[in-house]
Every structure is written in C-alpha cells, then in structure tokens.
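1. This is a predicted model, with the sequence first.
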Amino acid sequence: MSEPKENPLEKIASLCKRRGFIFQSSEIYGGINGFWDYGPLGAELKRNVKELWWQTMVLQRDDVAGLEATIIMHPGIWRASGHVDTFADAMIDCKTCKGRFRADQISEIPCPQKPSKKVSECAGEKTAPRAFNLMFKTCVGPVESEENVAYLRPETAQAIFAQFKNVLETSRQKVPFGIAQIGKAFRNEITPRNYTFRSREFEQMELEFFIRPDEVVEAVSGSVAAPVSKGHPGRPGADWGWQLWHQYWVEERIRFYGNIGLPRATLEEYWQSDQELAHYARATVDLLFKFPFGTQELEGIAARSDFDLSQHQRFSGKTMGVFDDELKAAWEKLPKERQDALWRRYYEHRKKYLARMGVAEEQAARTATDDANGLARGQYIPHVIEPSAGVDRLILALICHAYSEDQAPDEKGKLETRTVLRFHPRVAPIKAAVFPLLKNKPELVARALAVRDLLRPHMNVFYDEAGAIGRRYRRQDEIGTPFCLTIDFETLGEKGEALKDTVTLRDRDTMSQERIKIPELLSFLLSKIH
RNA sequence: GCGAGCGUAGCUCAGUCUGGUAGAGCGUCACCUUGCCAAGGUGAAUGUCGAGGGUUCGAAUCCCUUCGCUCGCUCCA
C-alpha cells in the first residue's frame, strides 16, 4: 500500500493527470467508469494526431473524400450491420460456476462444472435472463417508447456505407476511392479496463476504401495482379485485386505510424486466422502495440468484401451498386467463355453471401443471377478495405512509447532521474518553449516575448519565465516539448556582434545546446514539425 | 456481472489494527535571489479523509450501502 508506484502505466497515468493530459470524466462527482477527458496538453496531442491522419488519408490524396456524419442514426442501420442482433442477446449468469450464457442456448451448452449436464439442467443458481446490449440506447423525441428507440453509434463505419451513394455522386470520385471519417463512437463495454484503452466513449479514424471486385478487375485489366512480396506494393495499379489493396493499406498505415513516432519495430502485425475472421471478412490485419498491460490492437485493416454495402442494399431496398463504364466497355469485348467464367464466379460469391444471410435457396439463386447479369451492364457492388484506428488508444500508445526516464546530472554533478516524453515533434502538444534567461532583466523578457510572438502564428509555443532555467527545461521535458529557446545576454549583443540576435536552442532528447539566429528560427522549427 | 484488494492535498504516500475531528515529500502560486539543466530563502493556497447512511459524547479510523480504481474470471462485433 505504501510502496512507491512501479507499474509504468500508473506512473504514466500520474504524469498525465499532473501535467494535464488526461483526467477522469466527472471526477468531482466520483468519476464515471469508462469515460475520460483530455486536459490542455492531451487536447493538443489529440488534435495533432487527428490532423495528421486527415492530412495523410484525405487531403494529400486525390482518391479519398471526407465525411462527418451524425452519432445517432436510423436504427435500421444497426439491424443491417448486425449490431442489434449480436449486441442484444439476453444472457443468464450462473452464480455457482460464474459462467455467462446466452439465454437461448442454455439447453445446448454443457455446464462448465458438470459437462455431462446442460446449463439448463445443472444445479447452479442462475439469474433471470437479462438484456445484454453493448450499444447505448436513447429515445428520439420526448416520448420514451419502443418505437422511437435509437442507438449511439458503436462504430463510425456504418455511416460511411449509408452515405456511400451520396458521396459517390457529389465527390466526382470513381471506384477505387475511399471515404474517411473521424468521430466519436460508443460501446457499453462490460469491463472498461487499462486506463483509457477500452473506454465507453471513444473516437475512431476510419477509412472505407471501395474497390472493384476481382471479377471486375479481371474483366477490365485482363488479369488480377498477385502480391509478389512483403512490404509496400507501390503505386496502385488498375489490375490490383483486393489482396494487393489490402496489403497496400496495411503498409500505408504502418508508414503513418512511423511518421508520428511509432516506428515499425514498435508495432506487431497480426494476421487473424480463418477461425478468428468475421464471416464476411476475407482477411484482417491487426496492428498491435506493446502497451505496459500487454500487446493490444491499435488498428485493424480488414478486407470486408461487399458485405456492408450488400447488407444496406437488402435492408434499405436502395441499390448500393455502382455503374462502371470501363467494365461495360471491357465486358463487350470479352470472349464468351471469359464472360461466362467471370459471371459464374461473381454469381457464386453473391449466392454464398445471400445463403449465409438466411435468404432462401431459390430466392438467393434468382438475386445472384440478377447481380451477375449486372456485370454486362457495368454494374456491381464494390468491395471494401477498411483501415480502422482508435484515436484514444493511439494517444495512449504515443504517450507510453514516449515515456522515458533517464539519468541526467544536476548542477552539482549528481545524477538525477529525468522524466521525458519523447514525442515526435509532429505530435508534441507544445513545439517550442521560449525563456528569458532571467526574468528580472526587462531587456531579456521583452526580447523573449518578441520571439514568442514571432513563432506563435505558426505553432503552439509556450512562454515561461518562472524559476531557474534548469527547472524550466525539465518541466518541458516532462510534457514532451522538443525544443527550448533561451534568450540571454548574447542575444542582446553583450558578447559581441557574432552572437547578437542568436538564441540558445536546447534539444529535449540530447539536452545539447546550440546557437541559432533568430531569423532562421521559424524555418528551422517548421522543418522539424512538418 | 462475479470474486479479491484499494480510495486521505494537484502527485506519491503516512495516519485506520488500538475512534479524540489531518500530516510529510514533491508539485503549484507570489516575492526575493538566480549568467544555461529539478539551486536557495520567505510566504501562500489547496482536503466536507470518494459519497450516503448507521453506531458513538465524539468517526479518516468501526458497521452497512453506493460510486470509482486495480487485479483475476467473464465479455470483446
């Protein structure tokens, strides 16, 4: 109880609170489980990360468009996505064996303690069936009733699918292209754990990248390029099928993490096995980070086939298909046997999907035939590659990775522990701190404020004149500020013309100092933070 | 949801067993000092001891409830 904290996560949580990165939500009322607030520095850090993602995924590309959808949507969306069914099972707990079972399965599942008997027959004391819904529920309109129940979205992805046609028509994009969104999502987790890692309210950065089905690629390009090696496959080609697109996005995402200070070596790629894959997924790669509490997922890059758009097409009755004039033109020129082969493959995929979703055999065959006939008219439902990242767990990963303690000599040469957040300058909440060497010298203060004002329009800078200079450096180390600028008597020209108008530039990681001319400061710092 | 442990200042913790109404270190703020890596001096602010209820003349301390945190189960589309 009185032991000093050794768990790194506890040290990090203390630092985050002490310095204003992360607070517990509603703390003055005792807190609320699974909800976290970002303080001044955390808010800057998160803004930087989201801005970099948006820059990388949307603004610096010409094949991705943005979207910002509502949190509350038509409940039909969650029926189509499967969330209402899979989230809303009635569960029964056994007080004897501590097991939890779906109420509709207790006569099939064997009791964990007495496997000879089914759960419904064993002697364990059981609770009444309880609704177990992981989606937050609310009512639209002032009257609370079953008819106006709505849910807070448990993921941002579905809004992208629901608005797919609107975006397609207004953005002047053609498949392959993507729709990106950053936004809040809500899950009523049973056990929020591990600091902010699994929260009930969290933010996602998701891209749904729509591609041609392989049959269409083959019809248009003659063949589907196969992945040849590991690593980034380079610039996208017209003959890429889903496998290359999937590999491309895995590598693009790893690059992104490298650019914000999580190099490849800090991540682990985990390819889900066939047993783990969701039934509609063709492949899913999780990008994992080694948190102090275990190696956990930061992002999943899933090849989701045409499942999502197909579901919304079936449930909404609106077509989610696209018209592709290249396909139409190419199809006409294909020899009959190639047409038939591609038709057959597309037909089988569609029929398999429909059958799995419970569509009757005959109806499935009819619908799949219609779908396959669409190919000749240039019509198909796009497939999708989904890189989906959690912002808050990325923030936590950045802080955990940045956190370090090293030994630095103090004034008397004694070694002291120095706590440093080694953020990449791109994400650091404060880019540069500006100090007058002494605060009781008005010339130094005035000059320091002038340097602050020079930089402030371009980056987040922090001015500090309180305390000894060493203490001010250490304060900035602890919040991850990469550069400190000290205005001293050399700056004022007291040590000769050569040093006039230069400042001390102190580096957070090496603690080394160099002189830099004030007119060169801005371009130097911008080169480091961009 | 179940079981165990914990909750005292911004942070880390002492005080709880043996009821007598709150402390330390660090941090923060102000002033002085300070010529480049947590220096020194003086002063200050901050706790309904997680919350609610009970026992008692008196509760941080004992009891109950509740909320929160941690760990183990469970769950994890």
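-> Looks like it came in fine.

2. what sits against the closest residue to A:Asp63 other than its chain neighbours?
-> Among residues not flanking A:Asp63 along the chain, A:Phe177 sits closest, at 4.7 Å (CB to CB, 6 or more residues apart in numbering). Every C-beta, even on glycine, is put in place using the N, C-alpha and C of the backbone. A:Phe177 sits next to A:Asp63, A:Val64, A:Ala65, A:Leu168, A:Ser171, A:Phe209, A:Phe210 when contact means CB atoms under 8 Å, 6 or more residues apart in numbering.

3. One more: A:Glu189?
-> Going by CB under 8 Å, 6+ apart, A:Glu189 touches A:Gly34, A:Leu134, A:Arg198, A:Ser199, A:Arg200.

4. now do 10 Å
-> The contact partners of A:Glu189, by CB atoms under 10 Å, 6 or more residues apart in numbering, come to A:Asn33, A:Gly34, A:Leu134, A:Arg198, A:Ser199, A:Arg200, A:Phe202.

5. so of these, which ones are in strands?
-> Counting by DSSP state E, the contacts of A:Glu189 place A:Phe202 in strands.

6. Give me the buried subset of the contacts of A:Glu189.
-> Listed as buried from the contacts of A:Glu189 are A:Gly34, A:Leu134, A:Arg198, A:Ser199, A:Arg200, A:Phe202; burial here means 16 or more other CB atoms under 10 Å.

7. I'd like those laid out as CSV, including distance to RNA strand B.
-> Formatted as CSV, those follow (distance: CB to the nearest atom of the strand, whole Å):
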residue, distance to RNA strand B
A:Gly34, 6
A:Leu134, 5
A:Arg198, 7
A:Ser199, 9
A:Arg200, 9
A:Phe202, 10
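
8. phi, psi of A:Arg452?
-> A:Arg452 has phi and psi values of phi -60, psi -50 when expressed as degrees, to the nearest 10.

9. hey, where'd the helices end up in the stretch 401-530 of chain A?
-> In the stretch 401-530 of chain A, the helices defined using DSSP state H, counting those that start in this stretch lie at A:442-455, A:469-479, A:518-529.

10. For the stretch 51-200 of chain A, which segments count as helices?
-> Counting by DSSP H, counting those that start in this stretch, the helices of the stretch 51-200 of chain A are A:75-81, A:83-87, A:157-162, A:164-171.

11. which one of those is the most hemmed in?
-> Mean neighbour counts were compared across the helices of the stretch 51-200 of chain A using mean count of other CB atoms under 10 Å; the top stretch is helix A:157-162, at a mean of 23.

12. Restricting to C-alpha, output it in PDB.
-> What follows is helix A:157-162 as a C-alpha-only set of coordinates in PDB (Å, rounded to 0.1, in the frame of the first residue of the first chain):
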ATOM      1  CA  ALA A 157     -18.000   2.900 -40.300                       C
ATOM      2  CA  GLN A 158     -21.700   2.300 -40.900                       C
ATOM      3  CA  ALA A 159     -22.400   6.000 -41.600                       C
ATOM      4  CA  ILE A 160     -19.900   5.800 -44.400                       C
ATOM      5  CA  PHE A 161     -21.700   2.900 -46.000                       C
ATOM      6  CA  ALA A 162     -25.100   4.600 -45.500                       C
END
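
13. that older thread, which two from the contacts of A:Glu189 end up farthest apart in space?
-> With CB to CB as the measure, no two of the contacts of A:Glu189 lie farther apart than A:Asn33 and A:Leu134, at 14.5 Å.

14. Give me every residue in the stretch 201-350 of chain A lying close to RNA strand B.
-> Proximity of the stretch 201-350 of chain A to RNA strand B, by CB under 7 Å from any atom of the strand, involves residues A:Ala278, A:Phe293.

15. For RNA strand B, what is the nearest residue in the stretch 201-350 of chain A?
-> Shortest the stretch 201-350 of chain A-to-RNA strand B distance, computed as CB to the nearest atom of the strand: residue-wise this is A:Ala278, at 4.2 Å.

16. okay, the helices of the stretch 401-530 of chain A in CSV with mean pLDDT and distance to RNA strand B next?
-> CSV is the format used below for those (pLDDT from 0 to 100; distance: least, CB to the nearest atom of the strand, whole Å):
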stretch, mean pLDDT, distance to RNA strand B
helix A:442-455, 94, 9
helix A:469-479, 92, 2
helix A:518-529, 96, 13
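
17. A:Leu52: which of the ones you listed is closest?
-> Closest approach to A:Leu52 among these is made by helix A:518-529 (10.7 Å; CB to CB).

18. For that closest one, give me every contacting residue.
-> A:48, A:424-428, A:431-432, A:434, A:447, A:450-451, A:454-455, A:457-461, A:482-483, A:485, A:487, A:491, A:500-503, A:505, A:516-517.

19. isn't there a strand covering A:Ala389?
-> Yes - assessed by DSSP: H, G, I helix; E, B strand; the rest coil, A:Ala389 belongs to a strand.

20. Tell me how many other residues surround the closest residue to it other than its chain neighbours.
-> What sits nearest to A:Ala389 in space, not counting adjacent residues and going by CB to CB, 6+ apart, is A:Glu299, at 3.9 Å. Look at A:Glu299: counted by other CB atoms under 10 Å, it has 24 neighbours.

21. Touching, A:Glu299 and A:Pro387? I think so.
-> Yes - the criterion here is CB atoms under 10 Å, and A:Glu299 meets it with A:Pro387 at 6.3 Å.

22. if we can go back for a sec, kindly reformat the helices of the stretch 401-530 of chain A as TSV and extend each row with mean neighbour count and distance to A:Ala225.
-> Converted to TSV, the helices of the stretch 401-530 of chain A look like this (neighbours: other CB atoms under 10 Å; distance: least, CB to CB, whole Å):
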stretch	mean neighbour count	distance to A:Ala225
helix A:442-455	17	48
helix A:469-479	19	47
helix A:518-529	15	38
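
23. of all those helices, which lies closest to A:Ser229?
-> The closest of the helices of the stretch 401-530 of chain A to A:Ser229 is helix A:518-529. By CB to CB, the value is 33.5 Å.

24. Please list all residues in contact with A:Ala389.
-> A:Ala389 makes contact with A:49, A:53, A:57, A:182, A:203-207, A:253, A:256-257, A:287, A:297-301, according to CB under 10 Å, 6+ apart.

25. Could you tell me which of these belong to strands?
-> Counting by DSSP E, the contacts of A:Ala389 contribute A:Ile182, A:Glu203, A:Gln204, A:Met205, A:Glu206, A:Leu207, A:Leu287, A:Glu297, A:Leu298, A:Glu299, A:Gly300, A:Ile301 to strands.

26. I'd like those as JSON lines, with pLDDT appended.
-> Below are the ones in strands among the contacts of A:Ala389 laid out as JSON lines (pLDDT from 0 to 100):
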{"residue": "A:Ile182", "pLDDT": "96"}
{"residue": "A:Glu203", "pLDDT": "93"}
{"residue": "A:Gln204", "pLDDT": "94"}
{"residue": "A:Met205", "pLDDT": "96"}
{"residue": "A:Glu206", "pLDDT": "96"}
{"residue": "A:Leu207", "pLDDT": "97"}
{"residue": "A:Leu287", "pLDDT": "94"}
{"residue": "A:Glu297", "pLDDT": "90"}
{"residue": "A:Leu298", "pLDDT": "93"}
{"residue": "A:Glu299", "pLDDT": "94"}
{"residue": "A:Gly300", "pLDDT": "94"}
{"residue": "A:Ile301", "pLDDT": "96"}
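
27. For stretch A:9-29, could you pull out the residues that count as buried?
-> For stretch A:9-29, burial by neighbour count (16+ other CB under 10 Å) applies to A:Leu9, A:Lys11, A:Ile12, A:Ala13, A:Leu15, A:Cys16, A:Arg19, A:Gly20, A:Phe21, A:Ile22, A:Gln24, A:Ser25.
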